[in-house]
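Student: here's a sequence, model it:
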Amino acid sequence: MKQNLNITIRPAKQDDVQGAVPLIFSSGPDAWSYVFNEGKLTPYDFLVRSFQGTKNTISYKNHFVAEKNGEIVGTIVVYTSDRFFLLNAGTAGNIFRIYGLRAPRVAIRGLSMESMIQPPKSGRLYLGHIAVPVNQRKQGVGEALMRHAVAQFPDHSKISLDVSQVNPSAISLYNKLGFKIVESRNFPGPKGLVPDHHYMEADRSSF
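Tutor: Residues are numbered from 1 along each chain as shown. Prediction:
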C-alpha cells in the first residue's frame, strides 16, 4: 500500500465494485456505451460482472484504487502485453455469457473498437481506466496512481496508454509524466459516437 496526498493506493478488491465501476465507466463513457449497450443490458451490467470476476481485462485483480476517508477516489488498470491475450479471451467469454444471443453484436463492436484502442505492443506495460471523480481532480490522485502502478512492474522500460483526443487535461498530465504521442487513431464506427484517440508511450526513466 502507498500513502500519499492523504490517500491510500492499494490493489482493488472484489467488494470495491460499487465505488470502482462508475469510475471505470467514466474513463471512457462513449466507448463503453458504444460497445456494451445492447438490448436491456448496459455497460454497467457488463462492468460489474467482469470487475467481480478474475481472468478478464476488467477484473479487480488487474486494478489499483486510490482510497480517501473510506471512499474510492481513483482507479487504474495495469497489465503487461504477455498477459493481455489470455485476459482478453476471458473478456470475450464474459460477453457471450452475459449477452447470450446478442453477444455477436457486442463482440463485433468490440473488435471494431480494437482497431483504435489496440492490444498492448510487445514488451509494453499498459495503463488504462485512469479515472478520478470530478471533485477530487487536480489534486495529484491520477499522477500518484500512475506512478504507483508503474513502480509495481520494474522490469518494463516502456509504458503505454490510450487517451481521447478531446481530453486535454488528461493529455497534459501524461505529457508531464513524459508520455509522447506515437500515433493518432480514428474511431472506425459512426462519426461522432466515440472520440478519436492518441496512443502514447513513455520511458520508465520519466517516472
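Student: contacts and neighbour counts: CA atoms only from here.
Tutor: Fine.
Student: next secondary structure after the helix or strand where Tyr44 lies?
Tutor: Taking DSSP states H and E as the definition, one finds Tyr44 inside helix 43-52. Next helix or strand after helix 43-52 toward the C-terminus (DSSP H and E): strand 63-68.
Student: what angle do the helix holding Tyr44 and strand 63-68 make?
Tutor: Using axes from the mean of the first three to the mean of the last three C-alpha atoms, to 10 degrees, the interaxial angle of helix 43-52 with respect to strand 63-68 works out to 100 degrees.
Student: which strands and helices sit next to helix 43-52?
Tutor: Packing partners of helix 43-52 (3 or more C-alpha pairs under 8 Å, 6 or more residues apart in numbering; DSSP states H and E): helix 17-26, helix 29-36, helix 81-99.
Student: show the contacting residues for the spatially most central residue of the chain.
Tutor: Centroid-nearest residue in the chain: His129, 2.4 Å away (criterion: C-alpha atoms, centre = their mean). Neighbour list for His129: 23-25, 27-28, 75-77 [criterion: C-alpha atoms under 8 Å, 6 or more residues apart in numbering].
Student: next one: it from Ile24, what distance?
Tutor: 5 Å (C-alpha to C-alpha, to the nearest Å).
Student: quick check: neighbours shared by the two?
Tutor: Joint contacts of His129 and Ile24 (C-alpha under 8 Å, 6+ apart) are Thr75.
Student: His156: neighbour count?
Tutor: 16 (other C-alpha atoms under 10 Å).
Student: can you say which helix or strand has it in it?
Tutor: Using DSSP H and E, His156 maps to neither a helix nor a strand.
Student: how close does it sit to Ala149?
Tutor: Per C-alpha to C-alpha, His156 is found 11 Å from Ala149.
Student: likewise Leu5?
Tutor: 16 Å.
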